[in-house]
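Participant: Here is my input, please return the structure:
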Amino acid sequence: MVTSSAGAGLTIRARRAVLWFACLAVCAGDRPLQAQPAPPARIVSTSPNITETLFALGLGDRVVGVSKFCRFPPAVAALPKVGTFLRPDAEIIARLRPDLVFVHTGPNAIVAQLDALGIRTTTIAPGSLAAVFSTIRDIGAAAGVPARAERLVGDITSRLERVTIAVAGRPRRTVLIIVGRRTGTLTDMVAVGRGSYLSDIAAFAGGANVLATATQYPRISMETVISLAPDILIDVGEMGESPDDSALRRRITEGLWQRQDLVTAVRAGAVHVTTDDAFVVPGPRMIDVAELMATWFHGVRFP
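Facilitator: Numbering: from 1, shown residues only. Alright, predicted model coming up:
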């Protein structure tokens with residue numbers, strides 16, 4: 001039960017959340033209608049978030065190739081690998097005879113190479129939370145299943161609204177999110193700044209990114225971590241090639257942080273090391289990340 005004083009705050013925040021999500025889910029989808037080619041039957045994905053979105057849209061049976069970094073869902077393990085998202089291999093892709101290839105924006109020549117081979121491409125731009133929803137819609141439109149994309153966006157939006165309402169009225173916890181560093185050390189760390197979907201998700205889960213005004217992925221030192229004094233620290237640890245390897249790497253990282261008793265979050269026992277790749281894949285599983293963050297920040301749990 002919510003007390004009367006918190007109830008007013010809950011109502012205001014709930015209304016704001018509903019308005020924001022309504023704008024995101026409806027206004028962002030208000031685009032000019034354009035003629036689309038026939039739905040593709042053979043699709044290649046060059047990035048994990050694209051692959052996960054295709055499967056979430058029920059298009060797994062059309063996917064004939066994925067990147068080396070694609071791990072979810074487990075079914076992708078059996079699919080041919082076409083290189084990395086930064087360096088897709090045009091020859092391997094061509095041998096798979098796709099009629100649509102999804103690629104990331106960035107400094108690579110794959111689009112020109114595939115165009116020269118007469119292979120259709122669609123470019124996807126990752127980034128903020130809003131960009132994740134745009135990506136789902138863009139993939140759905142290109143694959144000929146726009147209605148499925150809208151349903152998926154609606155499902156994720158509903159769960160995000162539930163997270164927002166659950167943490168409304170609670171004091172925001174300051175959080176620092178680390179997504180990279182020199183292997184086996186706490187040096188040359190890469191953190192999450194503004195414009196990242198992880199920063200957006202932390203805000204909806206009742207957190208406040210201590211680097212919200214920094215560049216998107218700033219490099220920071222241990223001295224900076226100490227001075228930022230975050231209530232909570234999330235370290236997206238090194239992911240292994242197997243569950244056992246990931247578990248070992250997670251324990252090593254936890255041990256590294258336990259020795260840093262000048263860090264506020266360490267002293268409070270509020271360091272969360274995870275090797276869950278959902279944290280680094282801006283796709284449909286981001287809602288699971290939001291719910292987990294709400295649990296870490298405020299003890300809120302979801303069925």
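Participant: contacting residues for the nearest residue to Pro73 once chain neighbours are set aside?
Facilitator: Distances taken as CB to CB, 6 or more residues apart in numbering put Phe55 closest to Pro73, at 5.4 Å, once the chain neighbours are dropped. From N, CA and C alone the C-beta is placed, and that goes for glycine too. Residues in contact with Phe55, defined by CB atoms under 8 Å, 6 or more residues apart in numbering, are 63, 73, 75-76.
Participant: residues near Asp244, how many?
Facilitator: 9 (other CB atoms under 10 Å).
Participant: Secondary structure element holding it?
Facilitator: helix 243-258 (DSSP states H and E).
Participant: Please apply the same query to Leu176.
Facilitator: strand 173-180.
Participant: partners of the next helix or strand after that strand in the sheet?
Facilitator: Sequence-wise, the next helix or strand downstream of strand 173-180 (DSSP H and E) is strand 189-191. Strand pairing for strand 189-191, using DSSP bridges, gives strand 173-180 (antiparallel), strand 219-220 (antiparallel).
Participant: Which SSE is immediately downstream of strand 189-191?
Facilitator: helix 197-204.
Participant: Quick one: list the elements packing against that next one.
Facilitator: Contact here means 3 or more CB pairs under 8 Å, 6 or more residues apart in numbering; DSSP states H and E; on that basis helix 197-204 packs against helix 129-142, helix 146-167, strand 173-180, strand 207-209, helix 286-298.
Participant: ok, now which ones touch Trp296?
Facilitator: 232, 234, 270, 272.
Participant: Give me the sheet partners of the helix or strand encompassing the last one and which way each runs.
Facilitator: In this structure, His272 sits in strand 271-274 according to DSSP H and E. Using DSSP bridges, the strands paired with strand 271-274 in its sheet are strand 232-236 (parallel).
Participant: mean confidence for the strand it pairs with?
Facilitator: Averaging the model's pLDDT scores along strand 232-236 yields 98.
Participant: quick check: angle from it to helix 243-258?
Facilitator: Comparing the axes of strand 232-236 and helix 243-258 via axes from the mean of the first three to the mean of the last three CA atoms, to 10 degrees yields an angle of 140 degrees.
Participant: Extract the CA atoms of strand 232-236 and return them as PDB.
Facilitator: Taking C-alpha atoms only, strand 232-236 is exported to PDB below (Å, rounded to 0.1, in the frame of the first residue of the first chain):
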ATOM      1  CA  ILE A 232      25.700   2.100  -6.500                       C
ATOM      2  CA  LEU A 233      28.300   0.800  -8.900                       C
ATOM      3  CA  ILE A 234      27.500  -1.500 -11.800                       C
ATOM      4  CA  ASP A 235      30.400  -3.200 -13.600                       C
ATOM      5  CA  VAL A 236      29.500  -5.000 -16.800                       C
END
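Participant: Need the residues that contact that strand.
Facilitator: In contact with strand 232-236 (CB under 8 Å, 6+ apart) are residues 173-180, 207, 225, 253, 257, 263, 265-266, 270-276, 279-280, 293, 296-297.
Participant: Show the buried residues in those.
Facilitator: 173-180, 207, 225, 253, 257, 263, 265-266, 270-276, 279-280, 293, 296-297 (16 or more other CB atoms under 10 Å).
Participant: so who does the closest residue to Arg170 other than its chain neighbours touch?
Facilitator: For Arg170, ignoring the flanking residues on the chain, the nearest one in space by CB to CB, 6+ apart is His298 at 5.1 Å. By CB under 8 Å, 6+ apart, the residues touching His298 are 166-167, 170, 173, 205-206.
Participant: Most neighbours among the residues you listed, which one?
Facilitator: Of all the contacts of His298, Ala205 has the most neighbours under the rule other CB under 10 Å, reaching 26 neighbours.
Participant: residues in contact with the closest residue to Phe85 other than its chain neighbours?
Facilitator: Of all residues not flanking Phe85 in the chain, Ser47 sits nearest, at 4.0 Å (CB to CB, 6+ apart). For Ser47, the contact set (CB under 8 Å, 6+ apart) comprises 67, 69-70, 85, 102-104, 124, 126.
Participant: Tell me the confidence at Ser47?
Facilitator: pLDDT, read off for Ser47, is 95.
Participant: which residues does Thr183 contact?
Facilitator: Thr183 neighbours (CB under 8 Å, 6+ apart): Glu238.
Participant: Can you tell me how far it is from Pro39?
Facilitator: 43 Å (CB to CB, to the nearest Å).
Participant: Going C-terminal from the least confident helix or strand in the chain by mean pLDDT, what's the next secondary structure element?
Facilitator: Sorting the helices and strands of the chain by mean pLDDT, DSSP states H and E puts helix 4-26 at the bottom, at a mean of 41. Downstream of helix 4-26, the next assigned helix or strand under DSSP H and E is strand 43-45.
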